[in-house]
Structure formats: C-alpha cells, structure tokens
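Asks: after the sequence you'll find the predicted model.
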Amino acid sequence: MGAVLTWTKIIEGLLTQLIAIGAWFIIIDFPDKAANKSHFISQFDIQLIKDRINKDRGDATPDLPHTWGNLGKHFLDWKLYALCVFFWHSSHLRYTLANQLTALSCLCPQQCQRKHFKFAQKVFTF
C-alpha cells in the first residue's frame with residue numbers, strides 16, 4: 001500500500017512539473033515585457049492593457065529597482081495582513097471541522113467500519 005501511494009505522489013508531482021514548464025512558455029508576461037517576447041500582441045494592445053491596469057489598480061509600471069523602501073511600502077499595507085488573517089481563519093475553520101468530524105465519527109461503530117478504522121472492531125464490540 002505504501003509503494004502505491006509513493007508512486008502516485010511521484011506521478012502527480014511529475015505531471016505538475018510538466019504543466020508548469022509548459023505554462024512557462026505559453027503564458028504571456030506582464031505588458032511591459034510582452035512587447036519584447038511575443039509578436040502576436042501589438043503596441044496598441046499593450047498600451048490599452050496598461051491603461052486598464054492603471055485605471056483598475058494603478059501599478060502597470062513596476063516600481064523598480066527593488067529597494068528596502070519599496071519592499072517596506074508593500075509590507076506596511078494593512079490589506080496584506082487583513083487578507084492573511086481572512087485566509088488563516090477560513091483554512092483553520094475548515095481543517096478544524098474536518099479533523100473533529102473524523103474524530104467524532106469514531107463514536108459511531110458503523111461510521112468507523114465504513115471509514116476502515118482498524119480499531120473500530122476491537123473497541124466497539126458489545
């Protein structure tokens with residue numbers, strides 16, 4: 001059983017790597033770099049995309065060079081920490097419920113036998 005799971009993880013990992021390598025060549029870069037790499041997007045389209053990004057979020061032009069000041073500006077943004085807390089709360093609740101429901105299902109012998117818990121037959125014999 002362990003070898004099957006190991007090979008399953010290896011095959012899934014290889015497929016993920018192949019998809020990632022293919023995506024590296026297929027997905028177009030941000031508009032400021034797309035003009036140099038691809039020929040299917042025109043300068044007019046690039047400018048249109050940049051204008052839409054600037055209208056939406058205002059960062060079509062990268063803030064280069066990467067300095068500690070630029071990094072600190074992004075790390076001091078409160079929205080970053082709010083999103084981290086929201087994600088942590090949603091995933092924490094999900095995993096807590098999943099673990100608790102699995103543990104609570106052991107109180108019912110039929111559920112334990114359905115989930116193939118080995119100790120269910122020893123503990124819940126009346």
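Replies: That came in fine, so what should we check first? Predicted model only: the values in this text are computed from it and were never measured. Residues are numbered from 1 along each chain as shown.
Asks: so who does residue 42 touch?
Replies: Going by CB atoms under 8 Å, 6 or more residues apart in numbering, residue 42 touches no other residue. Every C-beta, even on glycine, is put in place using the N, C-alpha and C of the backbone.
Asks: how is the protein partitioned into domains?
Replies: Split into domains by automatic domain parsing, the chain comes to 1-57, 91-126.
Asks: could you tell me the least trusted of these?
Replies: Of all the domains of the chain, the minimum mean pLDDT falls on domain 91-126 (a mean of 61).
Asks: residue 96: which element?
Replies: Of the helices and strands defined by DSSP states H and E, residue 96 is found in helix 78-104.
Asks: the host helix or strand of residue 45: how far from the chain's middle?
Replies: In this assignment (DSSP H and E), residue 45 forms part of helix 43-56. Relative to the chain's own centre, helix 43-56 is displaced by 27 Å; criterion: CA atoms, centre = their mean, to the nearest Å.
Asks: what is the helix or strand that that helix is followed by packed up against?
Replies: On the C-terminal side of helix 43-56, the closest following helix or strand by DSSP H and E is helix 68-75. Counting contacts by 3 or more CB pairs under 8 Å, 6 or more residues apart in numbering; DSSP states H and E, helix 68-75 packs against no other helix or strand.
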